[in-house]
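please find the sequence and the predicted model below.
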Amino acid sequence: MAGQHFPVTRLEGVSREQFMQHLYPQRKPLVLEGIDLGPCTSKWTVDYLSQVGGKKEVKIHVAAVAQMDFISKNFVYRSLPFDQLVQRAAEEKHKEFFVSEDEKYYLRSLGEDPRKVMDNLLIQVTGKKRVVLFSPRDAQYLYLKGTKSEVLNIDNPDLAKYPLFSKARRYECSLEAGDVLFIPALWFHNVISEEFGVGVNIFWKHLPSECYDKTDTYGNKDPTAASRAAQILDRALKTLAELPEEYRDFYARRMVLHIQDKAYSKNSE
């Protein structure tokens, strides 16, 4: 298991003004309860969604297990009409399947808007989810490959392979129909659906517009300053590669210490 465990704070009856003025600036995950989402929480049944979604072809992830690994790609891409997907996803066992009768389905989006580096409200319309989050301040413990963690089994991690993972602080919550989870930009999150359900994500830019790449329509790219810094670092590492290994190792470690001293925030979580 990871080191320290914290429940995500849950609050009921929070107004828009309270959220924006007092809670949003704290930049921590938060579950908002009791928000009026309208009739969707009762109306969006399997039959209703099948009828409304119709025969539109959608691309889905199909895996034999619930934990989909977006690094090793333990899933396959398949296409189904939306109404068939909903019917299959609601089944305990599948009469028709791609991989196995226990296979799991994941529909990332009905649209083409898979944003990653923005603030996010995850609205649980129907069904239940378990969400585990890790602070961006713990990135050095998560064994990142790009934006994804190599630690797939976060409940029983291989600490011989990933020893630093035990230092990561784990924030956890359960979402039921009507709950809304605020996920600040940069927070890592692992989501497990405990039953068939529908979630709606709402993304928005936290930073001023000029901080984002103007060609980045969907918010997938890092802020422009971060991208420039990464390019500069890549050039510095290529320059260090001109030195013998002993010198390269020494000066790379000095660079890491310099970054820790100058760039890391001194504020604790």
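Nice, I can see it. No experiment lies behind these values; they were computed from the predicted model shown. Residues are numbered from 1 along each chain as shown.

C-alpha only now, for contacts and for neighbours.
Fine.

for residue 21, give its distance to residue 215.
31 Å (C-alpha to C-alpha, to the nearest Å).

same question, residue 41
Taking C-alpha to C-alpha, one finds residue 41 at 36 Å from residue 215.

buried ones in stretch 246-263, by neighbour count?
Going by neighbour count (16 or more other C-alpha atoms under 10 Å), the buried part of stretch 246-263 is residue 248.

run the chain-centre distance for it.
30 Å (C-alpha atoms, centre = their mean, to the nearest Å).

ok so, going back, residue 41 and residue 215: which has the busier surroundings?
residue 41 (16 against 8; other C-alpha atoms under 10 Å).

now the more buried one, what's its secondary structure?
helix (DSSP: H, G, I helix; E, B strand; the rest coil).

the nearest residue to residue 165 once chain neighbours are set aside: neighbouring residues, count only.
Nearest residue to residue 165, sequence neighbours excluded (C-alpha to C-alpha, 6 or more residues apart in numbering): residue 141, at 4.9 Å. Residue 141 is flanked by 18 other residues according to other C-alpha under 10 Å.

next one: the one 3 residues further on
Counted by other C-alpha under 10 Å, the residues lying close to residue 144 total 13.

return the residues in contact with the closest residue to it other than its chain neighbours.
If the residues on either side of it in the chain are set aside, residue 144 comes closest to residue 150, at 6.1 Å by C-alpha to C-alpha, 6+ apart. Contacts for residue 150 (C-alpha atoms under 8 Å, 6 or more residues apart in numbering) come out as 71, 142, 143, 144.

quick check on those residues: which are buried?
142, 143.

tell me which of the contacts of residue 150 fall in strands.
The strands, defined by DSSP state E, take in residue 144 from the contacts of residue 150.

want to throw the contacts of residue 150 into TSV with pLDDT?
Putting the contacts of residue 150 into TSV (pLDDT from 0 to 100) gives the following:
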residue	pLDDT
71	81
142	94
143	93
144	89
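
pairing partners for residue 202 in the sheet, please.
As for beta bridges, residue 202 partners with residue 121 under DSSP bridges.

got it, and residue 59?
residue 79.

list the contacts of residue 48.
Taking C-alpha under 8 Å, 6+ apart, one finds nothing in contact with residue 48.

swap that for residue 68, sorry
Per C-alpha under 8 Å, 6+ apart, neighbours of residue 68: 74, 75.

rerun at 10 Å
Residue 68 sits next to 61, 62, 74, 75, 104, 105, 106, 152, 190, 191, 192 when contact means C-alpha atoms under 10 Å, 6 or more residues apart in numbering.

what about it, which SS state?
Under three-state DSSP, residue 68 falls in the coil class.

would you mind measuring from it to residue 9?
27 Å.

elements contacting the helix or strand containing residue 86?
Using DSSP states H and E, residue 86 maps to helix 82-89. Helix 82-89 sits against helix 46-53, strand 57-63, strand 104-106, with contacts defined as 3 or more C-alpha pairs under 10 Å, 6 or more residues apart in numbering; DSSP states H and E.

and residue 103, how many neighbours?
19.

how near is residue 147 to residue 154?
16 Å.

which of those two has more neighbours?
In this view residue 147 and residue 154 are compared by other C-alpha under 10 Å, and residue 154 has more residues nearby, 17 against 14.

could I get the contacts of residue 68 as CSV with distance to residue 174 and pLDDT?
As requested, the contacts of residue 68 are exported to CSV (distance: C-alpha to C-alpha, whole Å; pLDDT from 0 to 100):
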residue, distance to residue 174, pLDDT
61, 23, 92
62, 24, 94
74, 25, 89
75, 25, 92
104, 20, 89
105, 20, 89
106, 19, 86
152, 19, 85
190, 12, 90
191, 10, 89
192, 10, 87
